[in-house]
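1. I'll drop the sequence and a predicted model, then ask my questions.
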Amino acid sequence: MSDRSGIFAGDDPFQIARNWLAEAEAKEINDPNAIALSTVDADGLPNARMVLLKEIEADAFVFYTNYESAKAGEIDQAGKAAFVMHWKSLRRQVRVRGLVEKEDGPQADEYYASRSIKSRLGAWASRQSRPLDSRTALMAEVARVTARHGANPPRPPFWGGYRIRPVEIEFWADGAFRLHDRFRWARKDMSAPWTVDRLNP
């Protein structure tokens, strides 16, 4: 039995995460929804990079990327990923580990359509994670896809979302003298109930 209260209180870890993100949105200068996403390659070598979390659903976390990128290849190969969302202004972090599935349907279409036109065209132009001759070459490709797709480009077939369905979520808050407060929510699979444990700092 844990002694959760205050910012840790609640029976739904996704709602707690949404509450924390809402607080961060009022205080963080840039990108309060930034997450450090971690994957592993075919040799088990870890990779990490910053991406933007776009939605906290009822049972998952969603972000979008190029399906031909290094991160996508590693996710598709392993079927698993982890991330940490850290807010210096709140002195808090959320850590997530879980299974990953693609979001490649109407929801991805809707999010793509909500982006700025330049971002939509940029998604077409960028061969993400692959070698690039020069910035000039990239801008030339942007001009080419702009001429081809115009002001209303469709979502590229190689671009869409990933949904992380967690088996672990940890909420961490800074404590005096490094005596931090940590609560880990864990479940064996997607149908299992959550168990909550307080962890040592």
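-> Structure's in. What do you need?

2. drop to CA atoms for contacts and neighbour counts, all remaining ones
-> Will do.

3. where in the protein is pLDDT low?
-> Applying pLDDT under 70 to the chain flags residues 1-2.

4. helices of that one, start to end?
-> 13-25, 70-78, 106-114, 117-125, 135-149 (DSSP state H).

5. which residues sit against the third one?
-> Contacts with helix 106-114, where a contact means Cα atoms under 8 Å, 6 or more residues apart in numbering, come from 64, 120, 154-155, 160-161.

6. which residues pair with the closest residue in space to Ala72 that isn't next to it in sequence across the strands?
-> Nearest non-adjacent residue to Ala72, counting by Cα to Cα, 6 or more residues apart in numbering: Asn66, 7.0 Å away. Asn66 has these beta-bridge partners by DSSP bridges: Trp159.

7. hmm, Asn66 is touching Ala123, no?
-> Yes. Contact criterion Cα atoms under 8 Å: Asn66 and Ala123 qualify, at 7.4 Å.

8. joint contacts of these two?
-> Common neighbours of Asn66 and Ala123 (Cα under 8 Å, 6+ apart) are Trp159.

9. so what's the spatially most central residue of the chain closest to, chain neighbours aside?
-> For the chain, the residue sitting closest to the mean C-alpha position, by Cα atoms, centre = their mean, is Leu53 at 3.9 Å. Leaving aside its sequence neighbours, Leu53 sits nearest to Phe63 (Cα to Cα, 6+ apart; 4.9 Å).

10. which residues does the one you found contact?
-> 51-55, 161-163.

11. ok, now how distant is the residue of the chain positioned farthest from its centre from Pro153?
-> Within the chain, the residue lying farthest from the chain centre (Cα atoms, centre = their mean) is Ala147, at 31.7 Å. Using Cα to Cα, to the nearest Å, one obtains 10 Å as the distance from Ala147 to Pro153.

12. ok, Gly79 next?
-> 30 Å.

13. ditto for Ser119
-> 10 Å.

14. more neighbours: which of those two?
-> Ranked by neighbour count (other Cα atoms under 10 Å), Ser119 and Pro153 place Pro153 first, with 17 against 13.

15. hang on, the earlier thing: can you redo the contacts of Phe63 as JSON lines with distance to Asn19?
-> Converted to JSON lines, the contacts of Phe63 look like this (distance: Cα to Cα, whole Å):
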{"residue": "Val51", "distance to Asn19": "20"}
{"residue": "Leu52", "distance to Asn19": "17"}
{"residue": "Leu53", "distance to Asn19": "15"}
{"residue": "Lys54", "distance to Asn19": "15"}
{"residue": "Glu55", "distance to Asn19": "13"}
{"residue": "Gly161", "distance to Asn19": "23"}
{"residue": "Tyr162", "distance to Asn19": "22"}
{"residue": "Arg163", "distance to Asn19": "20"}
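
16. from those, which ones fall inside strands?
-> 51-55, 161-163 (DSSP state E).
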